[in-house]
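J.: Have a look; sequence and predicted model below, questions after that.
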Amino acid sequence: MDWDFLLVQSLSGLASASSLFVIASGLTIVFGVTRIVNFAHGSFYMLGAYVAVTVVPWLLEFDRSPWLFFVGVLVSALAVGAMGVAMEMLLLRRIYRVPELFQLLATFGVVLIVQDLVLLVWGPVDITGPRAPGMRHAVYIFDQRFPAYELFLIFVGPAVLGLLWLLMHRTRFGVLIRAATQDREMVGALGVNQAMLFTGTLFLGAALAGLGGALQIPRVSANPQMDLSIITEAFVVTVIGGMGSVPGAFLAAVLIGQLQAFGVLIFPKITLVLVFLLMAAVLVVKPWGLLGRPEAAAGRAVLPEGILDPGPLDLAGKLLAAAGLAGVLALPLLDAYAVKVGTEVLILALAAFSLNFLVGNGGIVSFGHAAYFGLGAYGAGLLVTRLGVPMEPALLAAPLAGGAFAALFGFFVVRLSGIYLAMLTLAFAQIAYAVVFQWVEVTGGDNGLVGVWPSSWAASREVYHYLVAAVTLAAIIGLRRVIHAPFGATLRAARDSAQRADAIGVDVRTHRWLGFMLAGTAAGLAGGLYAFSKGSIDPTLLGIPMSVDFLSMLLLGGIQSVLGPIAGAAALHAIKDFFLPLTDHWRLFMGLSIIAMVLVFPRGLAGAWASIRRRSA
Amino acid sequence: MAERVLEVAGLRAGYGPAEVLFGVELTLARGEVAALMGRNGAGKTTTLKAIMGLLPPRAGSVRFAGRDIAGLASFRIARMGLGYVPEDRRIFTDLTVMENLEVGRRGGAGGSAWTPERLFAIFPNLAEMRSRRAGAMSGGEQQMLTIARTLMGNPLAVLLDEPSEGLAPVIVEQMAEAVLSMKAEGISVLVSEQNLDFAATVADRALILEKGTVRWEGSIAALEADEDVRRAYLTV
């Protein structure tokens, strides 16, 4: 391999690093001040690209000058900044004090809304942007051609870093932002109106995401999938760099840019995996990222949210459970469609229950629970389709697959807490997703695999329904017993104060790890059952939207309740099944519903049930 | 009695299910330094936080400079001219000394116009480390910086939480001098304090809290003379 080539490869890594940094810097600044991990940051990036492919060509009609191109890019960035202001004023300022999980879900609601709005305004077809006038040519670096625009991008990153440094150190606004990153409450006690500061921060953060998107238009066409693909990368950059640290984001972006540029030469298919491996390695050595700091205790006054006191079921609860069970058993008396939906609800209920075992009982907010569900499905599905193994042993393999990967990923995950933990679970889930998606020869890639059918004795819908009912109810009852057992109580103690649990002799890390494995095992079992109920598997089973669905079930059911997630699974699946076929705008509908749930009844169905009973008592 | 800058009546506050204050009554006259005394857990810090709006009062009234401030956001209270110096310092460790002062800078309601230079005259140690990162300073220097930072807001009155706690005697003396210079500028100060010597040096009057209510109130001289009161409420 010759040196010119390596140099050019490295330069192209720097160009991607630059773009990534511009986006990630906005995310990290917003997190630093508001302590909210903004999923919608990727949506701002996408909006930046869409606004730019609209505004820039219009401007270039007047004069094809490079200057007008950049005016257009800046205008797009400012327009997106204004959208950030709207999001802060309409949504974020109402959720600064709710638990992190709900904040993440609410901003994901915005992601869904923006996806539908983008489709409404710009349509589903990718839109190719104009190239920058005066930068269409390639320059020669030694003997290698290198696009002039990429060379320009290399300088954008450091320029933005420099401007941000000036803003942060030479203006009052910047000094206040840095102070608020450390201790918001104290900044307020000194007379600073936090609302203004937060609005300003969102403007800055969204404008940076918009700038990042607008600068991409000569390289990639604006498309409706840009948001989720960039947000994962931006999360990884901020987590590796240290959340809240702008220089850290720069460092991490450069590292990742180089890793991708050279990784693609060695392992062309698994560059994404390399990036996540880097993240896992950094977090194990430096749990708060390269230049991050441990989260200060001050400034965050949220009581732990979750299962408080899992008592035995009272009479009303028993009646409700009995009615549910009777419904499950009686379903085959209705039509076949009801059986199909009922089977799926049972499976999703097990997955949601296992997630609440982590989130509600253990305080381990996993944002990638779909990984274990999906890996269970693939574990069973691959055995059946590739090796011809029958259903029974394949169904045994599903929980083993989920549990084994939960053991592997959980080993790293339980070393962290709070938002870092959530980001790492998301990252591992994305690794699993990427592998399944890219390893076409084995997994069938995007298309997945078909032909995952039950054994002949269980082939009828009704029999399979009863099989699923028996397995999921047994698993749920087993997990519920664990919640009531000393092991469950120990996890709750570690959730409420890891330090105090540690001080009374609890090995917090090992308990959490075991809890993580158990939840992964149960999710894997659910995944296996799901594969046989559908007859096929595909990568969406491991995707972010699936993880968010599970979390929405908890939110809907109420994470403070042991059995609430089951009701949440039933409600969410029924709503999706009933409403989605009726509307073209299901994302809009889902997004608004998630936000409404966070704002109106964060305790979910179980919370509503409890308050009705309190009132009538 | 002189004009009252701060009047607190029937103040109740707490954390979650735990009630801490059960109807605190206190006043602070213009230009006065009053010491809020009592043992650990008596409710001194909670009283100051509830007045400042950092903890929402559950009942009672708080009047500052003639206006009802109970339930207002703390930044609004600060803007009316009530300064707050927290007990655990809470300086911005990543910021330099000058930047910490910048965060506190505000036109303010108080008469005097504090500048970094005037503050450095009171706290000479700080003058030598203007561009030092505040996290790299000693505990005493950090305590000086918190007071200086609050004074940059030109407050009419200051709530000062345990300024002598955990500091070397020579620094405690400087703290006392700082409180006296605030008084000389006409700033009213409500200082929570466990140390009677410190209170006697700076304060005109003492209020003693126990179990969330004010149990005793009188001049410092009277407190020094009354051993029974001291034994009942202060000594450990």
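T.: Looks like it arrived, so ask away.
J.: list the contacts for the residue in the stretch 151-300 of chain A positioned nearest to chain B?
T.: Of all residues in the stretch 151-300 of chain A, the one sitting closest to chain B is A:Gly191 (3.5 Å; CB to the nearest CB). Every residue, glycine included, has its C-beta placed from N, CA and C. Applying CB atoms under 8 Å, 6 or more residues apart in numbering or on different chains, one finds that A:Gly191 lies in contact with B:Phe75, B:Ala78, B:Arg79, B:Gly104, B:Arg106, B:Gly153.
J.: May I ask which helix or strand encompasses it?
T.: Here A:Gly191 is covered by no helix or strand, with elements defined by DSSP states H and E.
J.: where does the nearest residue to it once chain neighbours are set aside fall, phi/psi-wise?
T.: Spatial nearest neighbour of A:Gly191, excluding adjacent residues (CB to CB, 6 or more residues apart in numbering or on different chains): B:Ala78 at 3.5 Å. Reported as degrees, to the nearest 10, the phi and psi values for B:Ala78 are phi -60, psi -40.
J.: can you pull the contacts of the closest residue to chain A within chain B?
T.: In chain B, no residue comes nearer to chain A than B:Ala78, which is 3.5 Å away by CB to the nearest CB. Under the criterion of CB under 8 Å, 6+ apart, the contact list for B:Ala78 reads A:Gly188, A:Ala189, A:Leu190, A:Gly191, B:Met52, B:Tyr84, B:Arg106, B:Gly153, B:Pro155.
J.: from those, which ones fall inside helices?
T.: When DSSP state H is applied, these are split such that A:Gly188, A:Ala189, B:Met52 fall in helices.
J.: doesn't A:Gly363 make contact with A:Ala494?
T.: Yes: A:Ala494 lies in contact with A:Gly363 (CB atoms under 8 Å); the separation is 7.3 Å.
J.: Tell me the spacing between the residue nearest to A:Gly191 and A:Glu185.
T.: 12 Å (CB to CB, to the nearest Å).
J.: Below-threshold pLDDT in chain B: ranges please.
T.: Along chain B, the parts satisfying pLDDT under 70 run over B:1-2, B:108-112, B:236.
J.: Nearest the geometric middle of it, what residue?
T.: The central residue of chain B, meaning the one whose C-alpha is nearest the mean C-alpha position (CA atoms, centre = their mean), is B:Leu160 at 1.4 Å.
J.: related to what we said a few turns ago, can you tell me which of the ones in helices among the contacts of B:Ala78 is nearest A:Phe409?
T.: A:Gly188 (38.9 Å; CB to CB).
J.: List the residues that contact that closest one.
T.: Going by CB under 8 Å, 6+ apart, A:Gly188 touches A:Gln194, B:Ala73, B:Ser74, B:Phe75, B:Ala78.
J.: Pull the most distant pair out of those.
T.: Farthest pair in the contacts of A:Gly188 (CB to CB) is A:Gln194 and B:Ala78. Separation: 11.5 Å.
J.: The residue nearest to the centre of chain B should be in a helix, yeah?
T.: No: counting by DSSP: H, G, I helix; E, B strand; the rest coil, B:Leu160 falls outside a helix, being strand.
J.: what's the nearest residue to A:Gly32 if we skip its chain neighbours?
T.: Take A:Gly32 and drop its neighbours on the chain: the residue closest to it by CB to CB, 6+ apart is A:Gly244, 3.2 Å away.
J.: typo on my end, B:Leu6
T.: When the adjacent residues along the chain are set aside, B:Leu6 lies closest to B:Leu28, with 4.0 Å between them (CB to CB, 6+ apart).
J.: and the residue nearest to A:Gly32, that one's in a helix?
T.: No: A:Gly244 sits outside any helix when classified using three-state DSSP, being coil.
J.: For the nearest residue to A:Phe267 once chain neighbours are set aside, grab the count of nearby residues.
T.: By the measure of CB to CB, 6+ apart, the closest residue to A:Phe267 outside its immediate chain neighbours is A:Leu274, 6.7 Å from it. Each residue near A:Leu274 was counted by other CB atoms under 10 Å in any protein chain shown, and the total is 18.
J.: ok, the nearest residue to A:Leu313 once chain neighbours are set aside to A:Pro332 distance?
T.: Using CB to CB, 6+ apart and skipping the chain neighbours, the partner closest in space to A:Leu313 is A:Ala321 (6.4 Å). Counting by CB to CB, the separation of A:Ala321 from A:Pro332 is 20 Å.
J.: Show me which of those two is the more surrounded one.
T.: A:Pro332 (17 against 13).
J.: Identify the residues contacting that one.
T.: If you count contacts by CB under 8 Å, 6+ apart, A:Pro332 has them with A:Val339, A:Arg461, A:Glu462, A:His465, A:Tyr466.
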